[in-house]
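Asker: next input, structure requested:
(one chain, ligands or ions: 1)
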Amino acid sequence: MQVLIVGGLGGQIGAASKIAMARGASVQLAESVTTALNILRAGNRIDVVMADITLDVAALIDAISQERINVPVVACGVGNDVNGAVNAIKAGAQEFIPLPPEADLIAAIFEAVTEESHALIHRDPKMAETLRLATQVAKSSASILITGESGTGKEIISRFVHRKSNRADKPFVAVNCAAIPDNLLESELFGHEKGAFTGAQARRIGKFEEANNGTLLLDEISEMDVRLQAKLLRAIQEKEIDRLGGKSPVKIDVRILATSNRNLEAEVNAGNFREDLYFRLNVVNLDIPSLRERPDDIPVLAEFFVKKYSEANDMPLRPISPLAIQRLLSHHWRGNVRELENTLHRAVLVAGPDEIGPEAILLTGSTASAPAPSPAPAATEPASPAPSTTSPSSRASSAYANANAAYGAASSAYKPSAPPVPAQHSVESDDTSSADDNTDNVDAQNTVENGSGTSSLVGRTVAAVERDLIIDTLKHCFGNRTHAANILGISIRTLRNKLRQYTDDGLAVPAPGDGHD
Ligand SMILES: Nc1ncnc2c1ncn2[C@@H]1O[C@H](COP(=O)(O)OP(=O)(O)OP(=O)(O)O)[C@@H](O)[C@H]1O
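Answerer: Numbering: from 1, shown residues only. Alright, predicted model coming up:
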């Protein structure tokens, strides 16, 4: 981990660096916001910035966000400076570290701010097969096109490929081509020299150079405009890039992964995507099955997300009831794992104290009909899809119903200190765990259908309803953008854009920390 310390930290730089280094981090120092920005712009890979609150932390965070530098900032200040702490958090710092620094606190905060959980949970044989293929092709330097519906886990799988590759200890850099306007994407990818265009105040290293010797993920590549596609093709073919305003090309060694949730072949046929680039990217295709096609993953993912959001919201870990699992298994997951994740996040927040019951599973859209109770044969879960007379969905539900018998028993005697025994599943491995497959206690009759309850909204515009939902969710999360975006099922960038628009329209948008006691 690379830590950038900005400012003097009230004479505690030595102590803070020592703690960071004891955690295996390497530390760089910048005495001012300007120096810090230059270090970040130069493409140095920094995982977390620790900024002294006596400096202009707001200006630092503002510049980082304006220039789309993806790094979390934690503010540091003397412990009793409550105003300083509040101001830093309002400015967008993710956490506040009181000085003098305390080793455990720094360790926990580092973990929390840098841990974008990349655990890849799976148990379904179909997913195991996809990961087997991913592992097999990871070692080569071939470009991989990762396809699949929105929210299936394309980004998480590209990180998996990187980790399994020979470049695992080198940078992994991701660029979302859809999130960056066309005119900025070019400099984002290839970098620019000072003065290359109005506003280019300093040289900025692009993502290609940042990813040198490592892996560059071009997320949602289908959204890249055709002119830039030509420049990308040249970079891949020639293994060199030209910075905007640069005088000579720069050699690069980057493995390209690209994702798309559109059919790229159709985009080629429609003239929207260059065929030669398509062939360059599509040396190997990993097609990620939708969540509907891998129902055995639903219970283990649900359990994983419940644990994740219980911890994140500082709430006790509660078991998921068999009926709640039934409800999850009978839903048509159009938004795939992302929708499941948001559903479980909501469930953690609204469930009662003892268990996560079906009433806490608030689903949107259409719910598929519940699996009929079926006297399925007792079997152990196969290592690969086995011929079965039951539907995949009922097979998974029956397997989990049994696992949940333990939950059922545990729920009555539930104590936060004794978390439920998790169902067996794999985390980033091809383990083929087994679970007993009895179906006797599946009660499909009890699956709750979702009433849409939208009649009170008739007469209002979609934009107005969306705005109120966003603002209310933000209030509920005390202004925390990341939580709110998660619950709403939209990216943090989309949320920020919408909030900016509401502010421009004169609406009061809750600031981070608003409403918190
Ligand atoms: N197998 C998995 N285990 C744990 N979390 C997962 C898994 N698959 C997806 N997720 C989570 O679901 C969310 C969506 O995953 P991801 O962003 O990788 O999907 P995507 O296919 O790239 O989405 P999009 O098409 O919208 O770009 C993320 O929060 C991710 O962490």
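Asker: strands of the protein, start to end?
Answerer: Taking DSSP state E, the strands of the chain run over residues 2-6, 26-30, 48-52, 73-78, 95-99, 121-122, 144-147, 172-176, 215-219, 240-241, 250-251, 255-260, 284-287, 426-427.
Asker: can you put the ones you listed in a markdown table and add mean pLDDT, mean neighbour count and distance to the ligand?
Answerer: From N, CA and C alone the C-beta is placed, and that goes for glycine too. Below are those laid out as a markdown table (pLDDT from 0 to 100; neighbours: other C-beta atoms under 10 Å; distance: least, C-beta to the nearest ligand atom, whole Å):
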| stretch | mean pLDDT | mean neighbour count | distance to the ligand |
| --- | --- | --- | --- |
| strand 2-6 | 90 | 22 | 23 |
| strand 26-30 | 88 | 16 | 27 |
| strand 48-52 | 91 | 25 | 20 |
| strand 73-78 | 88 | 24 | 22 |
| strand 95-99 | 85 | 20 | 21 |
| strand 121-122 | 92 | 22 | 4 |
| strand 144-147 | 96 | 24 | 8 |
| strand 172-176 | 89 | 21 | 8 |
| strand 215-219 | 94 | 24 | 6 |
| strand 240-241 | 94 | 19 | 24 |
| strand 250-251 | 94 | 14 | 29 |
| strand 255-260 | 96 | 25 | 6 |
| strand 284-287 | 95 | 16 | 11 |
| strand 426-427 | 62 | 16 | 8 |
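Asker: right, so of the ones you listed, which gets closest to residue 133?
Answerer: Using C-beta to C-beta as the measure, strand 284-287 is the one of those that comes nearest residue 133, at 6.4 Å.
Asker: list the contacts for the residue lying closest to residue 240 once chain neighbours are set aside?
Answerer: In space, and not counting its chain neighbours, residue 240 is closest to residue 249: 4.2 Å by C-beta to C-beta, 6 or more residues apart in numbering. By C-beta atoms under 8 Å, 6 or more residues apart in numbering, residue 249 lies in contact with 238, 240-242.
Asker: let me have the strands of the chain in TSV, adding distance to residue 510 as columns.
Answerer: Formatted as TSV, those follow (distance: least, C-beta to C-beta, whole Å):
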stretch	distance to residue 510
strand 2-6	27
strand 26-30	32
strand 48-52	23
strand 73-78	20
strand 95-99	19
strand 121-122	33
strand 144-147	36
strand 172-176	26
strand 215-219	29
strand 240-241	42
strand 250-251	44
strand 255-260	33
strand 284-287	40
strand 426-427	36
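Asker: for those strands, which one sits closest to residue 364?
Answerer: strand 121-122 (22.5 Å).
Asker: out of the strands of the chain, which is closest to residue 85?
Answerer: strand 95-99 (4.3 Å).
Asker: relative to that closest one, what are the paired strands and their orientations?
Answerer: Looking at strand 95-99 with DSSP bridges, its partner strands are strand 73-78 (parallel).
Asker: taking strand 2-6 as reference, get the angle to the strand it pairs with.
Answerer: Strand 73-78 and strand 2-6 are oriented at 50 degrees to each other (axes from the mean of the first three to the mean of the last three C-alpha atoms, to 10 degrees).
Asker: what's the angle from strand 73-78 to strand 48-52?
Answerer: Using the same axes, to 10 degrees: strand 73-78 against strand 48-52 is 30 degrees.
Asker: show me what strand 73-78 is in contact with.
Answerer: Contacts of strand 73-78 (C-beta under 8 Å, 6+ apart): 7, 9-10, 12, 16, 48-54, 57, 60-61, 64, 84-85, 88-89, 91-99, 101, 109, 113.
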